[in-house]
Each structure stands twice: as C-alpha cells, then as structure tokens.
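J.: Model the following, please.
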Amino acid sequence: MTAKIFVTRALPPKPMAALRQLPNTELRVNPHDRVLTREELLEGVRWCDVLLCQLTDRIDAEVFEANPNLRLVANYAVGFNNIAVAEATKRKIPVTNTPGVLTDSTADLTWALLMAVARRVVEADKFMRAGKYQGWAPMLFLGTDVHHKTLGIIGLGRIGYAVAKRAQGFEMKVLYTDIEEKPYAAEVNAQFVDLETLLRESDFVTLHPFLDEKSTHLIDEPQLRTMKPTAFLLNVSRGPVVNEKALVKALQEGWIAGAGLDVYEREPEMEPELATMDNVVVVPHIASATMETRTAMGMIVYENTAAVLRGERPPTCVNPEIYD
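T.: Numbers count the residues shown, from 1 in each chain. Got it, this is the predicted structure:
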C-alpha cells in the first residue's frame, strides 16, 4: 500500500531527496514559496497519510477532523506551539519536532543581534552605504561595551546554556532565571536569581523560555520598567513572550536602550514603530537559518517519517504517551 506524504513547504535538497527515495510512497509538495492558504492545507491533509508541516501552519482540531487517520504530523521546527498536540494525542497520532540540531545556530544569532545592537552595526552600515562618512570622529556611532558586562538569561535550557557558554569569552557576569535551578549552570558560571533581580541588574537580557501560558507576555510593561535604561532586550525565542506594544513604548520613552528581535508577537507582522527605530535590530525569524542546520532539521523530519512508515516509534515524538 502506498503511503502519501504531504510537505507544506519544500525543505532543503538533502532531506527532500531522502523523502523522495522512501519506498512505496507518493510525495506531494507545496509548489509555492509561501505559506499555504487554509483551504490548501486542509486539502493536502485530506489527501495524505503523513503531514510534514512548518511552524507557520496552524494544525488544530479542524485539521485533525479533516483526517483523523493521519499516521504522523512531523513539524519542521523545535517548537510545536502551532500544533494542537492534545487533539493529536486523542486520535493516537504521533507529533514530532526537530530538537537539538538548531541550538548552536540559534545561540550564534542571539550573539549576532547582541553585538549588532550594542555596537550600532546596522546604523553604521546604513550610514556608510549612504555616503555620509566624512572621516573618523571621536563621537561617531558610540556604542556600548559587551565585555565585562552582565548578561541575564531567561530560560537556561539548551539554547540559553549555549548563549552563556559564548559569554565566557567576553568575561561577562552571567545571571539566569528558570522554573528551577539548573545543575549544569556552574559549568558556565551562571548564577541563579529571580526574574526581578535579573532584569534590574543585567546589561543585556536574552529570552529563551518555552512558550506557554506562563511565559506569554513574560516581558510586559512592569518588567521593561525594571530594566536599566542602558540595557538591551534580545528575543530569539517566541514572539508572544514579549508584549510588543509595551516594548515599543519602552523604546520610545527610553526605559531601555535598545532591542534585537528575531521573532514577533503576530508574525509575520510586527509593530510598525519598530521599523523606524535606529536602536532596534530586526531580522525575519532566521535563528536556525543556516544550510547546515536547516538540512539537519530536515533529516530529523525524514527519520521520523521513515520510522513511522516502518511501523516504529519516531525518534523525536513529543506525545509518546500514545504508545503506552
């Protein structure tokens, strides 16, 4: 019997080639370089046995009702907030993600944003390209030192740990907060503190929590007012962790010095004022956007798919209780 696989957006070449070589399968791929419309998504779901989706696809009860006999929903992302996992679990449908392989790339991008906003790299680049440079000047694009400063990490999981590890090279003091103390924090000289202390003392605050009800708007007006007026906020986790309207107000009124953002509360939209601010660096959700990392993510999707088609448990199942 032929298994039908629907890919909601083409993956890098290596995993696509691997998927096409799976025996006894039929592959259908979104032909457009865009997010599928709702009807296109539902049409594909009705057709397929295996759904390979993106974080931009909303996989909710309606999707599962369109095909309650799906054999797998494989998300091409480490997060899976776009999927109603409970609905999948009710139907004994495994859901998978792509953990681990994007940790270092995301930590690298966090540091790219940190350095760019602290040293005004984007502003200076625009200035140079516009032909405005007239020669060295003592006060030209003065930024903020990174070395020997205090880095506050909210969420010391894989990515938070990798960010802290990189901070050692800058001889930074590292504070972190999480739902509990982490035994491995000592490896990166990270000190556990409460959220208020972290916000009050840090020069750079970087967000790496898991997105849930407790972390939605974790950074809101009271938290932004607690930060130093010389501090910077970095978000490379999930957009809804930050109340974006409150962030705009904080930047406009000088509660904080600047921000570096890779994710947004209502992607792909962002608060329009952010685009007008020189003290904000904004990039379009590219934390894992290296060929190596996106390929590795795709190969995890392939491995999960191949396992399910062989009748095995997928390696990165987020709802393993369906097998109990």
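J.: residues in contact with the residue minimising distance to the centre of the chain?
T.: Geometric centre of the chain, nearest residue: residue 237, 4.3 Å, by CA atoms, centre = their mean. Contacts for residue 237 were tallied using CB atoms under 8 Å, 6 or more residues apart in numbering; they are 155, 159, 207-209, 211, 263. Every C-beta, even on glycine, is put in place using the N, C-alpha and C of the backbone.
J.: can you give me the helices for the stretch 201-324 of the chain?
T.: With helices called from DSSP state H, counting those that start in this stretch, the stretch 201-324 of the chain shows them at 221-226, 244-252, 291-309.
J.: Nearest to residue 278, out of these?
T.: helix 244-252 (10.2 Å; CB to CB).
J.: Give me the neighbour count for residue 34.
T.: By the criterion of other CB atoms under 10 Å, residue 34 has 10 neighbours.
J.: in the stretch 1-150 of the chain, which segments are predicted with low confidence?
T.: Within the stretch 1-150 of the chain, no stretch has pLDDT under 70.
J.: Which parts of it are helices?
T.: 13-20, 38-47, 61-66, 85-90, 103-118, 121-129.
J.: Adding mean neighbour count and distance to residue 281 as columns, could you present those in TSV?
T.: Listed next are the helices of the stretch 1-150 of the chain as TSV, based on neighbours: other CB atoms under 10 Å; distance: least, CB to CB, whole Å:
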stretch	mean neighbour count	distance to residue 281
helix 13-20	16	30
helix 38-47	16	32
helix 61-66	16	35
helix 85-90	16	33
helix 103-118	22	5
helix 121-129	14	5
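J.: Take the ones you listed and write them to TSV, including distance to residue 97.
T.: Rendered in TSV, the data for the helices of the stretch 1-150 of the chain read as follows (distance: least, CB to CB, whole Å):
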stretch	distance to residue 97
helix 13-20	15
helix 38-47	18
helix 61-66	17
helix 85-90	10
helix 103-118	13
helix 121-129	32
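J.: so which of those helices gets nearest residue 247?
T.: Among those, helix 103-118 sits nearest to residue 247 (CB to CB), with 13.1 Å.
J.: could I get that closest one in CSV with only the CA atoms?
T.: Extracted C-alpha coordinates of helix 103-118, given in CSV (Å, rounded to 0.1, in the frame of the first residue of the first chain):
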residue,chain,number,x,y,z
THR,A,103,20.9,25.0,19.4
ASP,A,104,24.2,26.4,18.3
SER,A,105,22.9,28.3,15.3
THR,A,106,20.3,30.0,17.5
ALA,A,107,22.8,30.9,20.1
ASP,A,108,25.1,32.3,17.3
LEU,A,109,22.2,34.5,16.1
THR,A,110,21.5,35.7,19.6
TRP,A,111,25.1,36.9,19.8
ALA,A,112,24.9,38.5,16.3
LEU,A,113,21.9,40.5,17.5
LEU,A,114,23.5,41.4,20.8
MET,A,115,26.7,42.7,19.1
ALA,A,116,24.8,44.5,16.3
VAL,A,117,22.6,46.4,18.7
ALA,A,118,25.3,47.1,21.2
